[in-house]
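# Okay, sequence plus prediction incoming.
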Amino acid sequence: MDEQRAVGPALARYGLSPRARATLINVSENTTYRVDDPDTGSATILRVHRPGYHSTDSIRSELAWLDALRDQAGISTPRVIPARDGSLVVEGERNCVMFEFLPGAEPAEDRLVEDFHELGAITARMHGHARTWPRPPGFTRFTWDFEAAFGPAARWGRWQDGIGVGAGEREVLGRLERVLHERLERYGHTADRFGLIHADLRLANLLTDGSRVSVIDFDDCGFGWYMYDFGAAVSFIEHYPQVPEMIDSWVRGYRSVLELPAEDEKELWTFVMFRRLLLVAWIGSHSAVDEARALGAGYTLGSCELAERYLGGL
């Protein structure tokens, strides 16, 4: 059953009117639709899950943290809308979740430096909550450690199979991988550095509405290095010349909420490059996704250029 065939049965479970219509928003790991019901005037977001990426228990765990962040840490996150029978996850060949529609738009590129201050503060509040939250029984999410990213069963595939990865690119990116492994081994997995994170805090998953910034799409949340959340925040824009200013702004925002040791700040570029190499793999394994096709070999080439700059600055 493909995702479009899953939409009709899922909508029926929510008691929407027969005139409710689903409009495709995005295809990535999952498929996301905006659902408009003209009989009630309501708008909601339906997420149709990709088979095999998450178990039902893992999805429920994601939703539990999303609710806890909103209720306990004051983070603006979308509420989960239960089906008529009270289910938060509509199970089937393609599991589905319905969320409230939050107003707002992706942060504007001409305000990235300013907005990264707020993002730093939000990230710190999320990390502070994660460190103290008593996770409910049965909580399960996957891990974003080095093995999961680049090991034999890499979650998003091998970067070596990325688009445009030839012999020269393999040499540069292979050096990058080895250095990342060495640095992260030294950095360690202690509880003050490694815990529950969003893992995809890029611009597309932030909604600004006046002074409010909402965080959406927790589908990749799991256990990883806290500083990886910054690496994910600059996904696809790592080459922007204002990134050093964005780092400074993010750090100031983070420190307005939580302590950020100098050792953590020192590794921010390590996590930018960790994420960048991971995205080379993602693009290669998601060539059917429009965004991946558009980035293609150019992203690999840019990754090599950034890798050389990173390695040269050590």
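Received it, and whenever you're ready, just let me know what you need. Numbering: from 1, shown residues only.

# Run through the strands of this protein in chain order.
21-27, 31-37, 42-48, 80-81, 96-100, 194-197, 206-209, 212-215, 222-225 (DSSP state E).

# Make TSV out of these and add mean pLDDT.
Output for the strands of the chain, formatted as TSV (pLDDT from 0 to 100):
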stretch	mean pLDDT
strand 21-27	91
strand 31-37	95
strand 42-48	95
strand 80-81	96
strand 96-100	96
strand 194-197	98
strand 206-209	94
strand 212-215	94
strand 222-225	98
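
# With distance to residue 65 added, can I get the ones you listed in JSON lines?
(Glycine included, C-beta is placed from N, CA and C.) As requested, those are exported to JSON lines (distance: least, CB to CB, whole Å):
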{"stretch": "strand 21-27", "distance to residue 65": "22"}
{"stretch": "strand 31-37", "distance to residue 65": "19"}
{"stretch": "strand 42-48", "distance to residue 65": "16"}
{"stretch": "strand 80-81", "distance to residue 65": "11"}
{"stretch": "strand 96-100", "distance to residue 65": "14"}
{"stretch": "strand 194-197", "distance to residue 65": "7"}
{"stretch": "strand 206-209", "distance to residue 65": "17"}
{"stretch": "strand 212-215", "distance to residue 65": "11"}
{"stretch": "strand 222-225", "distance to residue 65": "10"}
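
# These: which one's closest to residue 291?
Of all those, strand 21-27 sits nearest to residue 291, with 8.6 Å by CB to CB.

# What residues are bridge-paired with the closest residue to residue 101 other than its chain neighbours?
Excluding the flanking residues, the one nearest residue 101 by CB to CB, 6 or more residues apart in numbering is residue 43, at 4.2 Å. In this structure, residue 43 bridges to residue 36 when assessed by DSSP bridges.

# possible to save the strands of the chain as JSON lines with mean neighbour count and distance to residue 245?
Shown next, in JSON lines, are the strands of the chain (neighbours: other CB atoms under 10 Å; distance: least, CB to CB, whole Å):
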{"stretch": "strand 21-27", "mean neighbour count": "14", "distance to residue 245": "29"}
{"stretch": "strand 31-37", "mean neighbour count": "20", "distance to residue 245": "32"}
{"stretch": "strand 42-48", "mean neighbour count": "20", "distance to residue 245": "33"}
{"stretch": "strand 80-81", "mean neighbour count": "17", "distance to residue 245": "36"}
{"stretch": "strand 96-100", "mean neighbour count": "22", "distance to residue 245": "33"}
{"stretch": "strand 194-197", "mean neighbour count": "20", "distance to residue 245": "24"}
{"stretch": "strand 206-209", "mean neighbour count": "17", "distance to residue 245": "18"}
{"stretch": "strand 212-215", "mean neighbour count": "18", "distance to residue 245": "19"}
{"stretch": "strand 222-225", "mean neighbour count": "23", "distance to residue 245": "23"}
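
# Alright, calling it a day.
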